[in-house]
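In: heads up, no residue letters with this:
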C-alpha cells in the first residue's frame, strides 16, 4: 500500500513538474513576444510624434490672415497681388473650389502649368476634396523639383484654393532636422517619402532627396505598414493631409537586441537547465520510491522548487509593471513636448501677425490723416499724430526684435566651418553707407576660422560694429579695430572703438534685454542688440565681456570655442535668462534692422541714470 502511495505521489510530482515547465515555457515565450511588441509600439509612437509635429507646423502655416483671405476673395485677383504673395516660393496660383485656375504669379512655366490640375497635383486634388490644406508629391520644375502646398480659403467670393510651389531644396532641410530628432539605434535611418516612393528627406546619405524606391526589397517595404525585410525592421505611417509617409528603418539585430541573440536564448538555456534538474530529481525520486522517507524528501524538494518558481513569476510581474509605468511616463513627456511646441508656434504666429497688423494700421491711418487732413489740424494735433506714428513704429521694431530674440536658439543653423575674414568684409559692405557718412576708419586684422553658425556670426559682428559706429563722439573721427587671437581650443574676437564709452559699473547691465543708458531720443534702438550678442556667444559655448572708459571708448571681447560641433542648448538656462539674456538679430540682408545694436552700449558723460 505504501509502495502504491509512493508511486502515485511520484506520478503526481512528475505531472506537476511537466505542467510547471510547460507553463513556464509559455510564460517566457509570451513575455519575449510582448517585449518585442513593446519595442515595435515605441518605434511607431516615435514616428507618430514626428508626424503630428509636422502636421501641426503646416497646419499653423496654413492659417491665413483676414487681409490675405480678403485679397484672394476679390472677384478678380491680379497678377500683381499674386506676385506680392509669392515670397520665396517658385510660384503661387489661385483656384476656385472646383480646381479651376483663376490667377497665378510669375514663375508658372509651361511645365508647371501642365501640372496645375486635379489630375497631376495631389495637393490640389486633396483640397478640392475638402481637406483644409494639403502637401503633394514631388513634381518636376525645370532642372529642379517642386512640392505643391495648397490651402483652402473661405472668402466672400466662395471657396478659393491658394497653391504654393515650394522648392524641394527648401523643404528638405526642415524635414531632415525633424527626422534627426527621432531617437534611434545604431545603423537606423528615417525617411520622408511622397506618394510615388520618392525621397523628400532622409537621414541616410545614400538616399538623397529625389531618390526613388525601386529595388524589390524597397517596393516590398512600401506595400506593408511594418515588418522585417532584408535584415531590417521598418515601420511607416501616413501623414494626414498629404500623400507622404514617414518610414523608420533599423537593423533588426540592433532593434530587437533586448529580445534576440544571447538575451533571447539565455532564459531558455536556464529553462533547459531547470528541466534537466527536474529530470534528475525525478530519477532520484524513482529510486527513493522504495522508501517513504526518501519519497517525502523528494516531495519537499519539489515544493521548494515550486515556491522559487512562484517567486520568479512575481518578480517578473513586478518588472512588467515597472515597464508599463515607464511607458506611461514617456507618453506623458511626449504630450508635454507637443504642447510646448504648439504654444511656441502659437506665440510666433501671434507676434508676427496679430500684434503687428494693428500697429501697421495705426501708422497707415496717422500718415493718411496728416497727408489729407493736416491743413485742418492745429500744430499741436500734427505733432501728436506724428508722435503716435513714431510710437507705433517703435512698437513694431520692438516686436520684431523680440521675435529675433526668441528665435536665436529655435531657428539656429547647423554649425560649419566659418572664416571670419569674409564675414567681416560682408558686414562692412552692409554698413558702407553708415561708414561713409560718419567718415569712420575701420581696421580689420587677421581673423581665424572656427566651427559656428554662419548667420549668427555675421549678426554678432554686425551688431558690435554698428554699435561702435552709432555711439561715436561728436567732432571725433570714429575708429574701429576688429582683431582676434586664437589658441588650440579658444578664439577671442575683439571689437574696439574710440566712442563715448561707459562707466565700469554698467559692464554687465548693458547686456540685459531693454537695458538703455540713454533716452529714446538720444540714440535709436530697442535695447536688445547687445543681449543678442551674449546669447549668440553662449549658444556657441562662449561668452562676451565689455570694458570701457567714459569719454574715451570701449572694447567688446567675444570668447568662442574653436571646434564646437553643435549648440550648447536650444533653451537658455534660468540663471542665464535672469542675468544676461540674449536676443535675436535680423537677417544680414537688412542691415538697418539687423545691425540694431543696443542703445545700452554707451553712456553720455552728462547722464548718470539707467533706463530699462
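Out: Here it is on my side, so go on. Just so it is clear, the model here is predicted, and its values are computed rather than measured.
In: now residue 447, what's its secondary structure?
Out: Secondary structure assignment for residue 447 (DSSP: H, G, I helix; E, B strand; the rest coil): coil.
In: For it, grab the count of nearby residues.
Out: Look at residue 447: counted by other C-beta atoms under 10 Å, it has 21 neighbours. Glycine gets a C-beta too; all of them are placed from N, C-alpha and C.
In: Go ahead and confirm it touches residue 418.
Out: No - here residue 447 lies out of contact with residue 418, judged by C-beta atoms under 8 Å, at a distance of 10.0 Å.
In: Give me the below-cutoff pLDDT ranges for the stretch 451-600 of the chain.
Out: Along the stretch 451-600 of the chain, segments meeting pLDDT under 70 span 512-527, 569-600.
In: Going along the chain, name the strands of it.
Out: Assigned by DSSP state E, counting those that start in this stretch, the stretch 451-600 of the chain shows strands spanning 479-486, 490-497, 543-549, 553-561.
In: now the stretch 201-350 of the chain
Out: 226-229, 232-238, 245-251.
In: Name the residues that touch the last one?
Out: To tie it back to what came earlier, the one meant is strand 245-251. For strand 245-251, contacts defined as C-beta atoms under 8 Å, 6 or more residues apart in numbering pick out 43, 46-47, 50-51, 182, 184-193, 195, 221, 231-239.
In: Out of those, which end up buried?
Out: 43, 46-47, 50-51, 182, 184, 188-193, 221, 232-237, 239 (16 or more other C-beta atoms under 10 Å).
In: same question for the helix or strand encompassing residue 42, mean pLDDT?
Out: Residue 42 belongs to helix 2-61 when assigned by DSSP states H and E. For helix 2-61, the per-residue pLDDT values average out at 73.
In: Just the buried residues of the helix or strand just after it, please?
Out: Going down the chain from helix 2-61, the next helix or strand is helix 66-72, by DSSP H and E. Across helix 66-72, burial judged by 16+ other C-beta under 10 Å covers 68, 71, 72.
In: tell me the pLDDT at residue 314?
Out: Looking at residue 314, its pLDDT is 89.
In: what about it, neighbour count?
Out: 10.
In: cool, and the one 3 residues further on?
Out: In terms of burial, residue 317 registers 10 neighbours under the definition other C-beta under 10 Å.
In: Please report the distance of it from residue 311.
Out: 11 Å (C-beta to C-beta, to the nearest Å).
In: what's the answer for residue 539, then?
Out: Distance from residue 539 to residue 311, by C-beta to C-beta: 53 Å.
In: Between these two, tell me which one has more neighbours.
Out: Set residue 539 next to residue 311 and count neighbours by other C-beta under 10 Å: residue 539 wins out with 23 against 10.
In: Assess the claim that that one and residue 568 are in contact.
Out: Yes - taking contacts as C-beta under 8 Å, residue 539 lies within contact range of residue 568: 5.8 Å.
In: give me the low-pLDDT residue ranges for the stretch 301-450 of the chain?
Out: 341-342, 344-354, 394, 396-398, 400-412.
In: returning to what we had before: now for the strands of the stretch 201-350 of the chain, which one comes closest to residue 91?
Out: Among the strands of the stretch 201-350 of the chain, the nearest to residue 91 by C-beta to C-beta is strand 245-251 (26.0 Å).
In: The closest one - what's its average pLDDT?
Out: 87.
In: Run a quick neighbour tally on residue 435.
Out: 18.
In: Tell me what the nearest residue to it once chain neighbours are set aside is bridged to.
Out: The spatially closest residue to residue 435, leaving aside those adjacent along the chain, is residue 442, at 6.3 Å (C-beta to C-beta, 6 or more residues apart in numbering). Under the criterion DSSP bridges, residue 442 forms beta bridges with residue 480.
In: Wait, residue 442 touches residue 495, no?
Out: No - between residue 442 and residue 495 there is no contact under C-beta under 8 Å: 10.1 Å.
In: Looking at the two, which is more packed in?
Out: residue 495 (23 against 18).
In: re the thing from before, residue 213: which of the strands of the stretch 451-600 of the chain is closest?
Out: Across the strands of the stretch 451-600 of the chain, closest to residue 213 is strand 553-561 (C-beta to C-beta), at 40.9 Å.
In: any idea how far residue 450 is from residue 489?
Out: Distance from residue 489 to residue 450, by C-beta to C-beta: 10 Å.
In: Next: residue 474.
Out: In this view, residue 474 and residue 450 are 37 Å apart by C-beta to C-beta.
In: same deal with residue 214?
Out: Distance from residue 214 to residue 450, by C-beta to C-beta: 42 Å.
In: Skip the chain neighbours and tell me the closest residue to residue 323.
Out: residue 38 (7.1 Å).
In: Could you tell me how many residues sit around that neighbour?
Out: Residue 38, neighbours per other C-beta under 10 Å, totals 16.
In: just checking, it touches residue 326?
Out: No - using C-beta under 8 Å, residue 38 makes no contact with residue 326, being 10.2 Å away.
In: Which of the helices or strands spans residue 187?
Out: Using DSSP H and E, residue 187 is not contained in any helix or strand.
In: picking up where we left off before, would CSV of the buried residues of helix 66-72 with pLDDT and distance to residue 550 be doable?
Out: Shown next, in CSV, are the buried residues of helix 66-72 (pLDDT from 0 to 100; distance: C-beta to C-beta, whole Å):
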residue, pLDDT, distance to residue 550
68, 79, 51
71, 83, 53
72, 88, 57
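In: Would you mind reformatting these (as JSON lines) and adding columns for distance to residue 545 while you're at it?
Out: Converted to JSON lines, these look like this (distance: C-beta to C-beta, whole Å):
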{"residue": "68", "distance to residue 545": "46"}
{"residue": "71", "distance to residue 545": "50"}
{"residue": "72", "distance to residue 545": "52"}
